[in-house]
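Asker: what shape does this take:
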Amino acid sequence: MALNLKKAIAEADIAAQAVRGPIRLRTLTTLRWLAVAGQLSAILIVHFALAFPVPLGLCLGVIAASAWLNIFISLRFSPRRYLADREATAYIAFDIAQLCALLFLTGGLQNPFSVLILAPVTIAASVLPVRLAVLIGSLAFAGISLLAGYHLPLPWREGEAVAFPPVLNIGVWVALSFAVAFFGAYAHRIAAEAAQLKSALAASQLVLAREERLAALGGLAAAAAHELGTPLATIQLTAKEMAGELKGQGLLEDDAKLLVSQAQRCRDILGRLSDRGEAGDIMMDRIAVDLLLKEAAGPFLDARHGPAVIFDVKGGAEGEAPPVLQRRPEIIYGLRNLIENAVGYARSKVLVSAHWSKSDFMVEIHDDGPGFSLDMLARLGEPYLGGRSRGSAKKGGLGLGFFIAKTLLERTGASVAFDNKAWDEAAGGAGAPGAWVAVTWPRAAIFAREA
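Answerer: Numbers count the residues shown, from 1 in each chain. The predicted structure is shown next:
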């Protein structure tokens, strides 16, 4: 199971990189066309409608450079093409340089549109690796710093002069610098968490698909046995007729009898496979409570190499037989992940108990280990967390395994709760707290339907 999980994680990481990975060319060109339209509108309104003197030729030349690049890209490449990280970095760097050139001509940081420098930084932080996102952020910071000291005067009415106090210019520079760092870090963090979530969900789907393929092997064996039964019966019948005709002919008769016996042996083997397949189909559909718990905990039942796993099944009305449940791969694998985590942190024992009532069915997994740390309790269920408690980091994190278990179990209609409880709390004792996980289903979601 651990090997399957590691393989699923590796495949899911590749899928997540594809999700986060190169940005589509059409996305950048569309955003650049919007920027060109906005810049052109602002320049024309300021120059003609507000009658502020603007170096119109230079400004239109800078805007035309951005439009020319878009036209060249559209003619040279398919708009559906995905850009490599370095290509996307170059395009975004051009946008920053173009915007800085336009701001230089129109007042530098005194221009209220200087805040637009945050847009390419945010885009880069969302779609690029850390090192390239930092490079874009550094370029934006360098542009802001140059614009703070070097720029043409802010366009204003002729005959009037507008002067901003130096402290205001410094304040704008500081604000934009912090905004570049904050927006970049925030956007990258959000994008990274989204990629992790998609990676973990992909791992869940891969694991579940493997479990379902394994569960189907019994049915395939039964189908194969059924299909091969008819030709084997024909072979056996023909061999019997040959043995009768070759009676008294020594080795030929012995060969014919051997063919009959081996054909019968093949039919017996196929019959056993067919019986197992049919039994497997029934087992895959319905399973007793105790067998469900033991199957989920199967890999951890050897007490010589780990904590003892204890089972407790009780509930319902007095004298009521344990219920028969639906046997689903999601339930088996989800419970197995939770039990594996409990066994990994338990000191000596893990209690796996099942309880049911008129309305629901609950499975509890309780270990006598150090329990969940307070900061981890608030984040359980998120993928890629650290160690479960302070002092348990050497055993690694539980984030992805717990996330997969929770996701698979919730797909079956369950709700998952977790806390720290004393081992003998039910008996009124005050033992050391251990980790406790409860999985609860409505009866209709897990109880097998009557045949």
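Asker: can you show me the strands along the protein?
Answerer: Along the chain, the segments classed as strands by DSSP state E run 286-288, 308-313, 324-326, 349-356, 360-367, 415-422, 433-442.
Asker: please pull out the lowest mean pLDDT helix or strand from this protein.
Answerer: Taking mean pLDDT, DSSP states H and E as the measure, the chain has helix 2-20 as its least confident helix or strand, at a mean of 46.
Asker: show me the contacts for residue 59.
Answerer: By CB atoms under 8 Å, 6 or more residues apart in numbering, residue 59 lies in contact with 43, 102, 105, 106. Backbone N, C-alpha and C define where each C-beta goes, glycine included.
Asker: now the second one: how far from residue 234?
Answerer: In this structure, residue 102 and residue 234 are separated by 86 Å, where distance is defined by CB to CB, to the nearest Å.
Asker: more neighbours: which of those two?
Answerer: residue 102 (24 against 11; other CB atoms under 10 Å).
Asker: of the contacts of residue 59, which is the nearest to residue 238?
Answerer: Distance to residue 238 across these (CB to CB) is lowest for residue 102, with 90.4 Å.
Asker: that closest one contacts residue 63, doesn't it?
Answerer: Yes. Here residue 102 lies in contact with residue 63, judged by CB atoms under 8 Å, at a distance of 7.1 Å.
Asker: next, show the common contact partners of the two.
Answerer: residue 39.
Asker: quick one: low-confidence parts of the stretch 101-250 of the chain?
Answerer: Along the stretch 101-250 of the chain, segments meeting pLDDT under 70 span 197, 199-205, 207-208, 210-227.
Asker: ok, now with 80
Answerer: The stretch 101-250 of the chain contains residues with pLDDT under 80 at 158-163, 193-233, 236, 239, 243, 246, 248-250.
Asker: where do the helices sit along it?
Answerer: Ranges of helices in the stretch 101-250 of the chain, per DSSP state H, counting those that start in this stretch, are 118-127, 130-149, 166-215, 217-245.
Asker: mind checking which of those is nearest residue 300?
Answerer: Between residue 300 and those, the tightest spacing by CB to CB is seen for helix 166-215, at 17.4 Å.
Asker: coming back round to it: among the helices of the stretch 101-250 of the chain, which is nearest residue 289?
Answerer: Nearest of these to residue 289, taken as CB to CB: helix 166-215 at 19.2 Å.
Asker: output the strands of the chain in a markdown table; the columns should cover mean neighbour count.
Answerer: As requested, the strands of the chain are exported to a markdown table (neighbours: other CB atoms under 10 Å):
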| stretch | mean neighbour count |
| --- | --- |
| strand 286-288 | 18 |
| strand 308-313 | 16 |
| strand 324-326 | 18 |
| strand 349-356 | 21 |
| strand 360-367 | 22 |
| strand 415-422 | 16 |
| strand 433-442 | 21 |
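Asker: picking up where we left off before, out of the helices of the stretch 101-250 of the chain, which gets nearest to residue 363?
Answerer: Among these, helix 166-215 sits nearest to residue 363 (CB to CB), with 18.0 Å.
Asker: pull out the buried members of the contacts of residue 59.
Answerer: 43, 102, 105, 106 (16 or more other CB atoms under 10 Å).
Asker: quick check: the two most widely separated of those residues?
Answerer: 43 and 105 (9.3 Å).
Asker: how about the contacts made by residue 358?
Answerer: Taking CB under 8 Å, 6+ apart, one finds residue 443 in contact with residue 358.
Asker: for the stretch 301-450 of the chain, what spans make up the helices?
Answerer: 329-345, 374-377, 399-411, 443-446.
Asker: kind regards, and thank you for your time.
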